[in-house]
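Participant: I would like to see how this sequence folds:
(one chain, ligands or ions: 1)
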Amino acid sequence: MTLPKNKHHQNKNHIPVLLDEVIELLDPLQGESYLDLTVGYGGHAKAVLEKTCQPQKAVLVDRDRTALASLGDLRDAGASLVHKDFAQAVHDIRLSEERFDIIMMDLGVSSPQLDNGERGFSFRFDAPLDMRMDQTAGKSAKDLVNDLPEQVLASILKEYGEEPKAKRIARAIVNHRPVSTTSELADIVEKIYRRRGRIHPATRTFQALRIATNGELEQLQKTLPLIPEILNEGGRLAAISFHSLEDRLVKRFLKTEFDQGYEARMRPLTKKPIVSASQSVHNPRARSAKLRGAVKIKQKQNERGMTNAYRRN
Ligand SMILES: C[S@@+](CC[C@H](N)C(=O)[O-])C[C@H]1O[C@@H](n2cnc3c(N)ncnc32)[C@H](O)[C@@H]1O
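Facilitator: You can find the predicted model right below:
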């Protein structure tokens, strides 16, 4: 199999985060099957497939058509590209016979999504307030800010953005309706804060609306419990999260599994999340990245009755 050679598995616009750490954690072996639930521009996928040498046993999922369109080389090498949200993709896989040795989840948005002003994810560019990862479906951020009741908006800003002035911002948004562009929204927030610190005052508002627009936490909540069902025994999961709300869900899922004792299906591979200081220089988006991993326990190991002390190692 010849995979497209790309020295650092990097699309020029998207640097995969914690790449070496992911490969070390997943330890892909020749012949293994691979499911990437957030393939994006394929940085992690290409590095994994270089080890498994089995692109025809790879299923690469993304809800963003533009990202998938950049992966013609992997499709030509035999990989299946799937345009779906990952909750739907995992639901469908579970109903099929297909099972995987390696599953990758690199959550959140890609740099090209953030850096393409027209997508409306960032206050750095004046554009329609869209923020949908899947531009073919669902409500945009503009629909949310203009249609949701003030209290619901406030709770989105508080919960998903941990925004201390959530109520005031929600009220100002409602008073300024219709709000159509990224700049209009950023101005509303800036007026409330008056002074600018190191971080733009609209950062938390934009994060909150992005999470709500894409149902990011619901996606993760629906998907994680199904992961053990679509992994082969001995199969590994790696999950990279970019904010505490996501990381908390991954951490809780792994802990819940582990607390099942002999019933547990997954064993964590990381006691603490893996973070990397060095990459922040090259990719500021990755500064907050946290990598966690787990392996699906082999049934025989469970039946043999490992002690909890052993299991905890
Ligand atoms: C951080 S990027 C992944 C980058 C990728 N690992 C790489 O190396 O190029 C996250 C990607 O996941 C996709 N994504 C996020 N949430 C998703 C979901 N619920 N279902 C499907 N795709 C999702 C985004 O559209 C984006 O392309």
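
Participant: distance of Glu97 from the ligand?
Facilitator: 22 Å (Cβ to the nearest ligand atom, to the nearest Å). For glycine as for every other residue, the C-beta is placed from the backbone atoms N, C-alpha and C.

Participant: Same check on Leu209?
Facilitator: 15 Å.

Participant: Distance check, that residue against Ala141.
Facilitator: For Leu209, the distance to Ala141 (Cβ to Cβ, to the nearest Å) stands at 5 Å.

Participant: Quickly list what's touching both of the two.
Facilitator: Residues touching both Leu209 and Ala141 (Cβ atoms under 8 Å, 6 or more residues apart in numbering): Leu129, Met131.

Participant: and the longest strand seen in the chain, which strands flank it?
Facilitator: Determined from DSSP state E, the single longest strand within the chain is strand 231-241. Take DSSP bridges as the rule and strand 231-241 pairs in its sheet with strand 100-106 (parallel), strand 290-296 (antiparallel).

Participant: Name the residues that touch the first one?
Facilitator: With Cβ under 8 Å, 6+ apart as the test, strand 100-106 has contacts from 16-17, 22, 26, 28-29, 32-38, 40, 44-45, 48, 52, 59, 86, 223, 227, 230-232, 234-240.

Participant: and the nearest residue to Leu37 once chain neighbours are set aside, what is it in contact with?
Facilitator: Computed as Cβ to Cβ, 6 or more residues apart in numbering, the closest residue to Leu37 that is not its neighbour in sequence is Phe86, at 4.0 Å. Contacts for Phe86 (Cβ under 8 Å, 6+ apart) come out as Leu37, Thr38, Val61, Arg63, Met105, Gln219, Thr223.

Participant: what does Glu150 give?
Facilitator: Ala170, Arg171, Ile173, Val174.

Participant: before we move on, the earlier item: which residue of Leu209 and Ala141 possesses the greater neighbour count?
Facilitator: Per other Cβ atoms under 10 Å, whichever of Leu209 and Ala141 has more neighbours is Leu209, with 27 against 24.

Participant: Would you mind measuring from the more buried one to Tyr193?
Facilitator: Counting by Cβ to Cβ - Leu209 and Tyr193 are separated by 17 Å.

Participant: And Arg171, by the same measure?
Facilitator: For Arg171 relative to Tyr193 (Cβ to Cβ), the value is 14 Å.

Participant: center of this structure - which residue?
Facilitator: Among the residues of the chain, Leu107 comes closest to the average C-alpha position under Cα atoms, centre = their mean, at 0.9 Å.

Participant: for it, what are its contacts?
Facilitator: Contact analysis of Leu107 by Cβ under 8 Å, 6+ apart lists Thr38, Glu216, Leu220, Ala239, Ile240, Ser241, Phe242, Glu246.

Participant: and of the strands paired with strand 231-241, who's closest to the ligand?
Facilitator: Closest approach to the ligand among the strands paired with strand 231-241 (Cβ to the nearest ligand atom): strand 100-106, 3.6 Å.

Participant: Break down the stretch 51-200 of the chain into its strands, ranges please.
Facilitator: In the stretch 51-200 of the chain, the segments counted as strands under DSSP state E, counting those that start in this stretch are 58-62, 80-83, 100-106.

Participant: can those go into CSV with extra columns for mean neighbour count, mean pLDDT and distance to Asp126?
Facilitator: Below are those laid out as CSV (neighbours: other Cβ atoms under 10 Å; pLDDT from 0 to 100; distance: least, Cβ to Cβ, whole Å):
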stretch, mean neighbour count, mean pLDDT, distance to Asp126
strand 58-62, 24, 98, 27
strand 80-83, 17, 98, 29
strand 100-106, 24, 98, 29
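
Participant: With distance to the ligand as extra columns, can I get these in JSON lines?
Facilitator: Converted to JSON lines, the strands of the stretch 51-200 of the chain look like this (distance: least, Cβ to the nearest ligand atom, whole Å):
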{"stretch": "strand 58-62", "distance to the ligand": "5"}
{"stretch": "strand 80-83", "distance to the ligand": "9"}
{"stretch": "strand 100-106", "distance to the ligand": "4"}
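
Participant: what bits of this protein have low per-residue confidence?
Facilitator: 1-13, 277-285, 300-313 (pLDDT under 70).

Participant: and it, which residues reach the ligand?
Facilitator: 14, 16, 38, 40-44, 61-64, 67, 85-86, 106, 108-110, 133, 219 (Cβ under 6 Å from any ligand atom).

Participant: Can you select the buried ones from the residues you listed in PyMOL?
Facilitator: Restricted to buried positions by 16 or more other Cβ atoms under 10 Å, the PyMOL selection for these reads:
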select buried, resi 14+16+38+40+41+42+43+44+61+62+63+64+67+85+86+106+108+109+110+133+219
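
Participant: Just the ones in helices from the residues of the chain next to the ligand, please.
Facilitator: Gly43, His44, Ala67, Phe86, Gln219 (DSSP state H).

Participant: buried residues in stretch 147-166?
Facilitator: Using 16+ other Cβ under 10 Å as the burial criterion, the residues of stretch 147-166 that qualify are Leu148, Leu153, Ala154, Ser155, Ile156, Leu157, Lys158, Tyr160, Gly161, Glu163, Lys165, Ala166.
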